[in-house]
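Sequence and predicted structure are below.
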Amino acid sequence: MYSVILTRGLENIKNEIDMEMNYLLTEHGYAAQELINIMLIGRASSNVTNGDQDMGEGLILHGIHKQSEIGFLTLFEAYEYFVVGDFYKTPKLPIWIVCSESHYSVIFSAEFDILSKKKKVFDLVYYDELARQEDDIVLTVKMG
């Protein structure tokens, strides 16, 4: 974390975060969205939407400005707390960081060309370090 912060620079991070009272760690010591975004896209954007959103009265909510290499998904979108933009939902590589209520896990495909080939059926592996199962979960996805 220190390496990421020092590489990006404290001034850059302060300028990229939406509100002065936002921090890189939350009150429970979890990684805030700004920290996750620095690690995934190199910017401390506070949001996961495509682009910035002008809320009026000088409030700009900073989002994701281009397709990311690695994606981001969150259970909080199902709760309608977030809207994850397509720049995160459709990454260049078939790898997605998944945010649940209390921790992060990852979904990925061992076939890195599945997105470019637009395959209709492919396997995704769900890995969760905190899961009680000994094996990873393999999901077969059928598109279309």
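Perfect, thanks for sending it.

make it CA atoms for all contacts and neighbour counts henceforth
Noted.

Can you list the residue ranges for strands in this structure?
Applying DSSP state E to the chain gives strands spanning 53-54, 60-61, 71-74, 95-99, 104-108, 121-127, 137-142.

Indicate which one of the ones you listed is closest to Lys14.
Closest approach to Lys14 among the strands of the chain is made by strand 60-61 (13.6 Å; CA to CA).

Each with direction, which strands does the closest one pair with?
strand 53-54 (antiparallel) (DSSP bridges).

Outside of the partner strand itself, list whatever touches it.
Residues outside strand 53-54 that contact it (CA atoms under 8 Å, 6 or more residues apart in numbering) are Ile60, Leu61, His62, Gly63.

got it, and stretch 15-23?
Lys14, Ala32, Glu34, Arg43, Ala44, Ser45, Ser46, Leu59, Ile60, Leu61, His62.

which of these tops the neighbour count?
Ala44 (28 neighbours; other CA atoms under 10 Å).

Tell me, what's the model's pLDDT at it?
Looking at Ala44, its pLDDT is 92.

Over to Ala131?
69.

The one 3 residues further on too?
At Glu134, the pLDDT value in this model is 56.

again, but for the one 5 residues further on
pLDDT, Leu139: 62.

Please apply the same query to the one 3 residues further on.
Note for Lys142: predicted pLDDT of 59.

list the contacts for Lys66?
Taking CA under 8 Å, 6+ apart as the test, what Lys66 contacts is Asn50, Gly51, Phe87.

thinking again about what came up before, how about the strands of the chain in JSON lines, adding distance to Asn22?
As requested, these are exported to JSON lines (distance: least, CA to CA, whole Å):
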{"stretch": "strand 53-54", "distance to Asn22": "17"}
{"stretch": "strand 60-61", "distance to Asn22": "12"}
{"stretch": "strand 71-74", "distance to Asn22": "19"}
{"stretch": "strand 95-99", "distance to Asn22": "19"}
{"stretch": "strand 104-108", "distance to Asn22": "20"}
{"stretch": "strand 121-127", "distance to Asn22": "29"}
{"stretch": "strand 137-142", "distance to Asn22": "35"}
